[in-house]
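J.: structure for the following, please:
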Amino acid sequence: EFHGAHVWGVDSLVDVFTIVPLVIQGRQHSWLSVSFLRSWRLLKCYHRLEASGLFDDVSDLHRGMVLGLINFFTLVFTLAAAEFVLEVLGPIEGFEDSFITTTMGDISMWQMYYWMITTISTVGYGDFAPTNFMSRGFTAVAIGVGVV
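T.: Numbering: from 1, shown residues only. As a prediction, this is how the structure comes out:
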């Protein structure tokens, strides 16, 4: 039975944005592809396994572990592939950094967004560091707020 939801569902839209460009390219292969987005379908794998009855005799702990692993590997693969595509594309027009020279070095607002997220998440790569009293004070407050 036909349902319009199948045509405009997320699965169908992902197929359109990932398969159609491959068909248009023909035999020309390119590293630059968004077909990795299809990997998100792996998240449905658990629900299909559950519906098949395969997990009927499996404890809740083991079910949770399987679901956690599927979620983890899907997330890592999808984010790594997206980062790869963005790095291959290079700078996107309109999103270029405009740098300002400060005592912290040449910085931009995009770099500061990135830096603040890595700082609040406690990753802190050490690529930037505040160099004056007010900036250090603000960073200390931001870290406290981010941790809470």
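
J.: tell me how far stretch 73-93 lies from the chain's centre.
T.: With C-alpha atoms, centre = their mean, to the nearest Å as the basis, stretch 73-93 stands 8 Å off its chain's centre.

J.: then stretch 91-108?
T.: Put simply, stretch 91-108 sits 23 Å off its chain's centre (C-alpha atoms, centre = their mean).

J.: do the same with stretch 59-67
T.: 24 Å.

J.: cool, and stretch 53-73?
T.: Counting by C-alpha atoms, centre = their mean, stretch 53-73 comes out at 23 Å from the chain centroid.

J.: flag every buried residue along it.
T.: Of the residues in stretch 53-73, 55, 66, 67, 70 count as buried by neighbour count, 16 or more other C-beta atoms under 10 Å. No exception for glycine: its C-beta is placed from N, CA and C like everyone else's.

J.: in this protein, what residue spans correspond to helices?
T.: 4-7, 10-25, 43-52, 60-89, 109-120, 133-147 (DSSP state H).

J.: and of these, who's closest to residue 36?
T.: Each of the helices of the chain has some distance to residue 36 by C-beta to C-beta; the shortest is helix 60-89, at 3.6 Å.

J.: helices or strands up against that closest one?
T.: When contacts are defined as 3 or more C-beta pairs under 8 Å, 6 or more residues apart in numbering; DSSP states H and E, helix 60-89 sits against helix 43-52.

J.: and the contacts of the helix it packs on?
T.: 55, 63, 66, 67, 70, 71, 74 (C-beta atoms under 8 Å, 6 or more residues apart in numbering).

J.: what residues sit buried inside that helix?
T.: 46, 49.

J.: run the chain-centre distance for it.
T.: 23 Å.

J.: so which of the buried residues of stretch 53-73 comes closest to residue 101?
T.: residue 70 (47.0 Å).

J.: any idea of the pLDDT on the closest one?
T.: Per-residue pLDDT puts residue 70 at 85.

J.: ok, now which ones touch it?
T.: Residue 70 makes contacts with 42, 43, 45, 46, as judged by C-beta under 8 Å, 6+ apart.
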